[in-house]
Each structure stands twice: as structure tokens, then as C-alpha cells.
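**Q** Just need the structure, nothing else, for what follows:
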Amino acid sequence: MMNTPSVDAVVIGSGIIGAMSAHYLQEDGRSVTMIERGEVARGASSGNAGILAFPEIIPIAAPGMMWKVPKWLLDPLGPLSLPPSYAMNMVPWLWRFWRASARAAFERTVKIQAEMMPLARSEMARVIERTGLQAMVNRTGTLDLYDSEASFDAAAADWETKRRAGFEFSRVGRSEIDTLQPGLAPRFRHAMFTPDGLQVSDPYEFTKALVDHVVSRGASLRIGDVARVEPTAAGARVVLADGAAFEAKTVVLAGGAWSKNVAASLGDDVPLETERGYNTTLPPGAFPLQRQLYFNDHGFVVTPLSSGVRVGGAVELGGLKLPPNYRRSEAMLTKARGFLPGLKAEGGRQWMGFRPSTPDCLPIIGPSGATPSVIHAFGHGHLGLTQSAATGRLVADLAARRRPALSIEPFRIGRFR
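**A** Next up is the predicted model:
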């Protein structure tokens, strides 16, 4: 019989949530083994826009959202796509999404996110300082652009909600827009400017640097596909697809979009779906981009990275198995060329990745229903990078059986029962 090695803490996943969880466990003096199914930090953590989006407390599941869905679905390259071959798989998730978009549920989610973001901001600042990653985060500011005064006015309630939550921004007109970001098409005459907008220079490099940091402090890294996790008297057993296994006192499931099946092996049924995100990263010099640009009426962003100019966003609900549809990347790039007339659109690198998303737009953070020795940390949707440090802090609190820095009741997996 094969001997099963015993380790202290296993973190499943080396994306930004897994890396942060490993860092915080190490801060508590824990010995960490990370298990990654593919290449380190190359999942959704590498292809996001690099925005530390602390003001983004408004969930996608909002009142009236479901009425917009049919119109979007009629445009195969619009801000939302649902391939017909995957539509039936999405019915249970969409039903929960519809319920989460009711006014009372929406307001509850906003309140939860408004409470989460200050912890996310303060813990991210702490991690950056303690790991020496200050040079990888820049204060660029954020420009939210609208096509018309009507669409700007339609977003007024969301901006007021952000103001009440303590975020600072100002309305700007065309002359200020030209100063903040020269070279935008004349159509953009209405915008909001958030001076505190923070930009990670490259999300892959940032995540990889954090993984390297925890490895340099003694964490081990194993490449392998986790097949299941089983409760044991002393913690849990992590079994890989190749038959290898680890006994651990603590297991953190931070496998992003691949967490659903592993959670199911513990008897935890979670309505986790994949928002397939697309982007194109153009070479440095493609446009003199000075800050983060949100094109709010079109569902995509343009951000300045050390590796170039990234054009990305949109949502495709298509699961893990369908082949990529890079026409979506091309559609966003075509729009970007119209919005940024001087944009050099040649030589870009296309990417598609999987955002792990729950129907109520809140992450799953908390113990498994099978054992408190397994801690779930996945389902952050568009806010994985933003909320990663807060999640790592909560994971370490739960692992140490101390009172969490923030109530985890809204994030528990049992909320879906």
C-alpha cells in the first residue's frame, strides 16, 4: 500500500486567491503545500484587466438586468453571450441569478460588498508592503465613459450608492476628459473620474511574484490535478488524478472555476458557473494610455499594463469545455479602435479564461459542510484580484479557528441550499 505523506496545509490552486491564502497561512506560521493543475498563475489571474476595483460594489445581478438579457443575447458578439449548446445547463444558475437581482437581494449584496471592500483594500496594502511588490501597483485613476447623457444619468443611482459607501469621484465633461486621457473619440462627453483607481502593472507577473515569495519562504509546489478531497479524523485527504495523495490538517480549495467538482466530492453542491472572459493585449506603445478606461455601455475595459495595452471584458456563459470564440476578442478590439482612433491594433495576443461566478455575485468563503478542516475560497467572478487579500486573511482566520476579520455568514456555501 502506497504511503500517504502527511503535510500541514494544502492550498489547491496557484491563482491569486490560492497565492494569497498561502501567504496568509505562512504568516500564521503554517507550512504550505500548493497544488496546481496547470501552469502557475496562468488561469483567470493572468488574463484579468489588472484593476484593483475596490469601488465596484454594484453586482451584475441588479434590478432590471434580466430584461436586458434577451437584447444582448440577440447580438452574438455583444456584452453577454450564451451559446445555444450550453443554454440548458445554465437554467438553474440563471434562475438563481434572477432571484438575486430582486431589489431586496440586490441591496443586501451591495451592503455585503461595501463591507468587504475596506478589508480588501487594507489587506492588499499590507500584502504589497510585506512582500515588496510596491513597484507592481500604480495609482492611475479610473475614467468611466458613457455614450450619452441619457446613459450617464441612468447610472446615477449606482454612483450615489458608491458615494454613500465612501468612494470619491467627480463628474467630468469633454475638456476634462481630454486632459485626463487625450485621444478619445469625440462621442465621449460624459464620464466619472476616480482619482484613486489602482492598476497592477501585470496581473500574471503580480500573481507569479506572490507565488515565488511563498515558495522562497518554504512552501512547496506540486503540479497535479486534484480528483477529490475526503474528510479524515485529523483533517482531510487530497487525492490527485494520478493516485498520489496527501493527508493535511487544513485544505484550502481555491481552484477557481475548477472548484465545483472538487467541492462536490465533499458533498458540497455549489451553483458555480464560468464566465468566459476574452481579451487582446496589444504591444507596448499601441496607444498612449494614461489610466484605466471603462466603456460602460459596451461591457469592456482598456487598461495600461507593463506588457502592453489590454482590451478585455464581456461575458460568455459557456462552461469549461466549449472551444474559445475569439470573434469576441476581435469585436471588442474593433470597438476599441473606434473609441481610441489612434490605437495600433496589430500584433495583439488573444486570450480566453474562466471567471468562477456565483449567481448572487458573492464569493464562497468558509468551511465545507463535510469538515471545518476544508475551507472554500472561490467564486469571486470579476473581483478575484480585488478581493484576494481579504479572502486570504479570512482563510487564515478560519484555519486558526479565530474570529474572522469580517463575518463570513454571507459567503458560506450553505446559503444556496
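**Q** Distance from the longest helix seen in the chain to the middle of the chain?
**A** With secondary structure taken from DSSP state H, the chain has its longest helix at helix 103-131. Offset of helix 103-131 from its chain centre (C-alpha atoms, centre = their mean, to the nearest Å): 13 Å.
**Q** for that helix, which positions count as buried?
**A** 105-106, 108-110, 112-114, 116-117, 119-121, 123-124, 127-128, 131 (16 or more other C-beta atoms under 10 Å). Any C-beta I mention is one placed from the backbone N, CA and C, and that applies to glycine too.
**Q** Relative to the whole chain's centre, how far out is the worst-scoring helix or strand of the chain on mean pLDDT?
**A** Taking mean pLDDT, DSSP states H and E as the measure, the chain has helix 65-74 as its least confident helix or strand, at a mean of 73. Offset of helix 65-74 from its chain centre (C-alpha atoms, centre = their mean): 23 Å.
**Q** packing partners for that helix?
**A** When contacts are defined as 3 or more C-beta pairs under 8 Å, 6 or more residues apart in numbering; DSSP states H and E, helix 65-74 sits against strand 80-81.
**Q** Check which helices and strands the strand it packs on sits against.
**A** By 3+ C-beta pairs under 8 Å, 6+ apart, strand 80-81 packs against helix 65-74, strand 308-317.
**Q** What is the neighbour count of Trp95?
**A** 12 (other C-beta atoms under 10 Å).
**Q** For it, pull up the helix or strand it's in.
**A** helix 91-100 (DSSP states H and E).
**Q** Give me the buried positions along that helix.
**A** 93-94, 96-97, 100.
**Q** Quick check: closest non-adjacent residue to Thr201.
**A** Slight slip there: residue 201 is Ser, not Thr. In this structure, Ser201 finds its nearest non-sequential neighbour in Ser306, 4.2 Å apart by C-beta to C-beta, 6 or more residues apart in numbering.
**Q** For the one you found, the count of nearby residues, please.
**A** 15.
**Q** just Pro5 next, same as before
**A** Pro5 has 11 nearby residues by other C-beta under 10 Å.
**Q** Let me know the pLDDT of Leu77.
**A** With respect to pLDDT, Leu77 scores 69.
**Q** Once you drop chain neighbours, what's closest to Ala227?
**A** Per C-beta to C-beta, 6+ apart, closest to Ala227 is Ala241, 4.7 Å.
**Q** That neighbour contacts Arg228, doesn't it?
**A** No: the criterion here is C-beta atoms under 8 Å, and Ala241 misses it with Arg228 at 9.3 Å.
**Q** remind me which residues of the stretch 51-200 of the chain are low pLDDT?
**A** When residues are selected by pLDDT under 70, those of the stretch 51-200 of the chain lie in 73-74, 76-77.
**Q** distance of Pro5 from Phe246?
**A** Taking C-beta to C-beta, to the nearest Å as the criterion, Pro5 is separated from Phe246 by 6 Å.
**Q** Arg328 too?
**A** Arg328 is 39 Å from Phe246, by C-beta to C-beta.
**Q** Check Asn261 too.
**A** In terms of C-beta to C-beta, Asn261 sits 18 Å off from Phe246.
**Q** okay, those two: which has more neighbours?
**A** Phe246 (22 against 13).
**Q** That one: what's it in contact with?
**A** Taking C-beta atoms under 8 Å, 6 or more residues apart in numbering, we find Phe246 in contact with 4-7, 10, 33, 35, 237-238.
**Q** Perfect, I'm done here.
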